[in-house]
Each structure stands twice: as C-alpha cells, then as structure tokens.
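K.L.:
Following is a predicted model, sequence given first.
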Amino acid sequence: MRGLLVGRMQPVHDGHLDVIKRIFEDVNEVIIGVGSAQLSHKTKDPFTAGERVMMLSKALTENGIPASKYYIIPIEDVSCNSIWVAHVKMLTPPFTTVYSGNPLVQRLFEESGHPVKVPPLFNRKIYSGTEVRRRMLKNEDWQSLVPKSVVKVIDEINGVSRLQNLGYKELDE
C-alpha cells in the first residue's frame with residue numbers, strides 16, 4: 001500500500017518527520033508531494049522546490065528511512081480546485097490513502113472518492129513552518145525544531161539571510 005502526503009515543507013521540520021513516520025505505520029511507501037512547488041523567495045515560501053526536496057531527502061536519510069520507501073514529487077498549484085486532484089494524480093505514482101491536515105485537501109480528495117486520514121499533528125504550536133520561519137526572522141533558536149541535516153541545507157543556501165532579507169523587503173512594500 002502507498003499513501004500520499006502533500007505539504008509545503010517551508011521548511012522541513014520535526015513535525016513533518018513525525019507525521020511521515022506515523023504514516024509508515026499504515027502503508028509500505030509514502031509519496032511526499034511538495035506543494036506550491038512554483039513558489040519561493042517570499043516570507044511564507046522562502047525555499048525553492050529543489051531545496052525542499054533536498055531537505056526532505058537528507059532528513060529522511062538522517063532518520064533511517066530508505067529511499068526505496070518514498071517518492072518526493074514537487075507539485076505546482078493549479079488555480080482551479082476542481083482539477084487539482086487530477087493534477088496531483090497525473091504527477092504521482094498510484095496511492096491508496098491520502099493523509100492531510102488541510103481541510104481543503106481533505107474535501108477535494110474525499111469528493112474524488114479517495115480515502116482520507118487526518119494524521120495526528122506533532123506539537124503543532126511549536127513544530128510548524130510558520131514558527132520556524134518566525135524564529136529565523138527574529139534570530140531565535142529555530143535549529144532545535146528541524147533535523148540536523150535540514151540545518152545544514154539551510155546554512156548551505158544561506159536560507160536565514162534570504163528569509164530575513166525577504167522579510168525586510170516585504171515590510172517596505
């Protein structure tokens with residue numbers, strides 16, 4: 001059995017890994033859809049799809065999850081909800097169950113006849129991309145919320161500097 005999880009992963013954090021590990025309790029393989037793949041260089045979406053794929057690959061390896069157990073697929077947004085599920089299915093291998101905490105994603109897949117499960121979120125107040133980005137912007141400890149390999153990727157791409165630069169520019173606009 002194969003499950004589908006779609007998320008923006010801006011950036012990948014320990015909450016994402018906890019959800020992925022829990023999904024593996026139900027299925028043999030997980031398709032991880034990197035949502036809003038076309039977005040980057042904004043305070044809400046600072047990282048490119050390629051950077052997020054790199055973060056996921058390295059974080060899953062760091063956590064002992066073999067590459068043969070998952071697929072990472074960038075998924076661009078479609079401006080028409082009625083075709084979004086077909087768009088996702090066109091990009092991904094077949095799957096049996098969708099895992100999502102997003103009410104719109106849940107509704108769209110349910111209306112298309114797909115079983116949907118809501119994964120339990122791992123300490124959502126702390127482990128969220130919004131909180132990680134907030135801490136990056138304020139020079140607070142964000143590193144404790146993400147895998148060590150993700151810290152290395154963000155350092156390699158100067159992600160904190162990028163986000164801070166974007167945040168200041170958007171305040172001026």
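P.N.:
Now that the structure is in, tell me what you want to look at. Since we're looking at a predicted model, the values are computed, not measured. Numbers count the residues shown, from 1 in each chain.

K.L.:
Can you report phi and psi for Tyr71?
P.N.:
Backbone torsions of Tyr71, given as degrees, to the nearest 10, read phi -130, psi 130.

K.L.:
ok, it to Glu111 distance?
P.N.:
Distance, Tyr71 to Glu111, using CB to CB, to the nearest Å: 24 Å. In short, each C-beta sits where N, CA and C put it, glycine included.

K.L.:
Look at these two and report which has more neighbours.
P.N.:
Shown here are Tyr71 and Glu111; by other CB atoms under 10 Å, Tyr71 has more neighbours (16 against 11).

K.L.:
Quick check, pLDDT for the residue nearest to the more buried one when sequence neighbours are not counted.
P.N.:
Sequence neighbours aside, Ile31 is the residue nearest to Tyr71 in space, at 4.7 Å (criterion: CB to CB, 6 or more residues apart in numbering). Ile31 carries a pLDDT score of 98 in this model.

K.L.:
which other residues reach stretch 71-89?
P.N.:
4, 6, 29-39, 49-50, 52-53, 56-57, 91-93, 104, 108-109, 111-112, 114 (CB atoms under 8 Å, 6 or more residues apart in numbering).

K.L.:
Looking at Glu173 now. What's its pLDDT?
P.N.:
For Glu173, the predicted pLDDT is 43.

K.L.:
before we move on, the earlier item: out of the contacts of stretch 71-89, which are buried?
P.N.:
For the contacts of stretch 71-89, a neighbour count by 16 or more other CB atoms under 10 Å gives the buried set as 4, 6, 29-37, 39, 49, 52-53, 56-57, 92, 108-109, 114.
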